[in-house]
Every structure is written in C-alpha cells, then in structure tokens.
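In: coords below, sequence missing:
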C-alpha cells in the first residue's frame, strides 16, 4: 500500500514543481498611480502619487524590484504645495495555487526628499499579506489584494508626523502586473 501511495504522489510532486517554475527569469514592471481630489467647505486639495518599479523573478519565485516614487500634494487655497521624490524598493514571492493563479504577498518601502516650506524626509513602508495574481496572458497579470499594513514617518524642520496603519478591508483596486 505504501508503494502505491508513493507511486501516486511522486508524479504529483514533480508536476507541482514543474508548474511553479514557469515565472522564473521573467522581468517585471510594476506601476502604481493614485489620484485624490477632495473639496470640503471651500477647501480643495489634490494629491498625486506614482510608483514605478522594475525587477526580475528569481529561480525560487521571489522577486526584488527597484524604482522611484513621486508625489505631489497641492492645496488650492494659497497653502504651500508639497513635492516628494525618492527611491523605492519592493520584494515578494509567487506561490502557485492553481494553473495561472498565484498568491503573492509582498512588502516594500521608499525614502523621499520632501519640499514643503523647506526640506524634509519621508520614510514609508508597507506589507500586503494577501495578494492574488492571475496570469491572463503571457505578459499581463491581474492583481487583487486583501489586508495591508503601513508605516509612514515624515520629518521636517517644522513638524514630525508618524503614522501606523493596518487594514483588513478588501483592496480590490484591480491592477495590472506586467512581465517581460
């Protein structure tokens, strides 16, 4: 009976291993764009943030990507605007669930120089434990995530802001993940 079980399990293990290697060596480009326009009692604020990352999937189905983060916040009521630019990094892992569907938790962060009434520094980090990616074509993957944690520290000559956030909400802002 044990020989039969081993005989049946062995091909399954080889097939799982073979399927999990189909992302190895692919280059990835990940872009994120956030736009917020808020108007409340005559106060109008617009905020724009974008991140562009480039990396490569390693043989163990992990990736490390580097890039930059750019942010701009503008208060339309004669208040100073904030401009932020700096390097960003992200790492994650692809775990194959079924054909073309992956679980891909990831974490990352950035350091930005901030210009608002003088110079400052913004440090940020984030972790997303549950992200699903569906490989719907040879180069594009659809993504949806659930739950997140983030930390942000903003230092300036006039103020220091520290925020720690956690969420279990569905962040199903469907995104596109491009691989070369």
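Out: Thanks, I have it. Quick caveat: nothing in here was measured; it's all calculated off a predicted structure. Numbers count the residues shown, from 1 in each chain.
In: residues contacting residue 109?
Out: By C-beta atoms under 8 Å, 6 or more residues apart in numbering, the residues touching residue 109 are 88, 89, 123, 124, 125, 126. To be clear about C-beta, it is placed using only N, CA and C from the backbone, and glycine gets the same treatment.
In: quick check: it vs residue 82, distance?
Out: 19 Å (C-beta to C-beta, to the nearest Å).
In: where does the nearest residue to residue 165 once chain neighbours are set aside sit, in terms of helix or strand?
Out: In this structure, residue 165 finds its nearest non-sequential neighbour in residue 150, 4.8 Å apart by C-beta to C-beta, 6 or more residues apart in numbering. Element membership of residue 150 [criterion: DSSP states H and E] is strand 140-156.
In: now for that strand, which elements pack on it?
Out: strand 119-128, strand 130-135, strand 160-179 (3 or more C-beta pairs under 8 Å, 6 or more residues apart in numbering; DSSP states H and E).
In: low-confidence ranges, this structure, go.
Out: Low-confidence segments of the chain, defined by pLDDT under 70: 1-21, 42, 76-80, 117, 168-180.
In: give me that answer again for 50
Out: 1-21 (pLDDT under 50).
In: residues contacting residue 152?
Out: Contact analysis of residue 152 by C-beta under 8 Å, 6+ apart lists 122, 123, 124, 125, 161, 162, 163, 165.
In: quick check, nearest of the residues you listed to residue 102?
Out: residue 125 (23.0 Å; C-beta to C-beta).
In: SS state for the nearest residue to that closest one once chain neighbours are set aside?
Out: Distance criterion C-beta to C-beta, 6+ apart; nearest residue to residue 125, sequence neighbours excluded, is residue 109 at 3.7 Å. The three-state label given to residue 109 by DSSP: H, G, I helix; E, B strand; the rest coil is strand.
In: angle of the strand holding residue 150 against strand 130-135?
Out: Calculated by axes from the mean of the first three to the mean of the last three C-alpha atoms, to 10 degrees, strand 140-156 forms an angle of 140 degrees with strand 130-135.
In: what strands line up against strand 140-156, and which way round?
Out: Its sheet considered, strand 140-156 pairs with strand 119-128 (antiparallel), strand 130-135 (antiparallel), strand 160-179 (antiparallel) by DSSP bridges.
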